[in-house]
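Student: Okay, predicted coordinates and the sequence, questions at the end:
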Amino acid sequence: MSNQHGHKARKRFGQNFLHDPGVIEKIVRSINPKPEDVIVEIGPGLGAITEEILAINPRLQVVELDRDLIPVLRTKFFNYPDFKIHEADALSFDFSQLATDRPLRIVGNLPYNISTPLIFHLLAQAGVVQDMHFMLQKEVVQRLAAVPGDNNYGRLGIMAQYFCKVQPLFEVGPGAFRPAPKVDSAIVRLVPHKELPHPAKDLKTLQAVVRTAFNARRKTLRKALGAMVTVEQLQSLDINDGLRPENLSLADYVRIADLLADVKSANGGTEEVSND
Ligand SMILES: C[S@@+](CC[C@H](N)C(=O)[O-])C[C@H]1O[C@@H](n2cnc3c(N)ncnc32)[C@H](O)[C@@H]1O
């Protein structure tokens, strides 16, 4: 069924449009936009959050993939000449080009079908970001904030916490959207660390270690990381090889990655660490 803009929500673009004014207001209050901020919204859709931010920050920029929404947004916001629409795929969009004199504030009710790869894409650009506020599937927010031992602890949470402070804010039920999604949602704030608390010597090695470990999350570290690290190397770091990947902290993963990076550089950098 089409909405009043003659646009039909598309599942393949993860379109669930916010319509609850109370929720929209609460989200914008959490973002707390300022007129001087450089704000980028991912997936403005029909402009529910866009409208509220534009009223405070008329230089808002948006990145929208659905070309049928572009004329709807242009018409709705014609009286904001500095409002900029990038018709593009956020998954390959270079956000860093928008950070000119100020770091970016990135916001969005993200398309849930691509939220994990999109967050990884944004984490890679965290150096030019002041903060990010996202509506996500509640389970994804739990994964972002998970600590060792949690069921949801894994690659997403570890890499998000490597780059950012993760603050879950509040939950939103399906009734706030049209069409209503089948899952609960939540708002999260990600604030990139000014200085990384656990900097790795080589980021790619850290990413490869974490990925390899959680590809076999039910196995012991001895087995899960067997192709990369020996039992002796784990023991030299005081890490029990009988633990499971979910038991190690971010700091532990960085220690393993640093040991591998040291071995690699001692070997003249010839050992390739895969990052697929
Ligand atoms: C969950 S809807 C949110 C819409 C609106 N912000 C709201 O809250 O009502 C997700 C939005 O992201 C857009 N979108 C989906 N995939 C995208 C992509 N790869 N890049 C940019 N926008 C995308 C959709 O077209 C849609 O507008």
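Tutor: In hand now; what should we look at? Numbers count the residues shown, from 1 in each chain.

Student: give me the number of residues near the closest residue to Asp184 other than its chain neighbours?
Tutor: Nearest residue to Asp184 in three dimensions, chain neighbours excluded: Lys138, at 4.2 Å (Cβ to Cβ, 6 or more residues apart in numbering). Just so you know, the C-beta spots here come from the backbone N, C-alpha and C atoms, and that holds for glycine as well. Neighbour count for Lys138, taken as other Cβ atoms under 10 Å: 18.

Student: Ok, Val191 next?
Tutor: For Val191, using other Cβ under 10 Å, the count is 16.

Student: Show me what from the stretch 1-150 of the chain comes close to the ligand.
Tutor: Proximity of the stretch 1-150 of the chain to the ligand, by Cβ under 6 Å from any ligand atom, involves residues 13-18, 42-46, 48-49, 63-66, 69, 89-91, 109, 111, 114.

Student: rewinding a little: check contacts around the residue nearest to Asp184.
Tutor: Contact analysis of Lys138 by Cβ atoms under 8 Å, 6 or more residues apart in numbering lists Glu171, Val183, Asp184, Ser185, Ala186.

Student: got a winner among those for most neighbours?
Tutor: Neighbour max across the contacts of Lys138 (other Cβ under 10 Å) = Ser185, 26 neighbours.

Student: show me what contacts that residue?
Tutor: Met135, Leu136, Gln137, Lys138, Glu171, Val172, Gly173, Pro174, Ala176, Phe177.

Student: Give me the phi and psi for the second one.
Tutor: Spelled out, it's Leu136. The phi and psi values for Leu136, taken as degrees, to the nearest 10, are phi -140, psi 170.

Student: How about the contacts made by it?
Tutor: Leu110, Tyr112, Ser115, Leu144, Ser185, Ala186, Ile187, Val188.

Student: about what we covered before: what about the contacts of Ser185, which are in helices?
Tutor: The helices, defined by DSSP state H, take in Lys138 from these.
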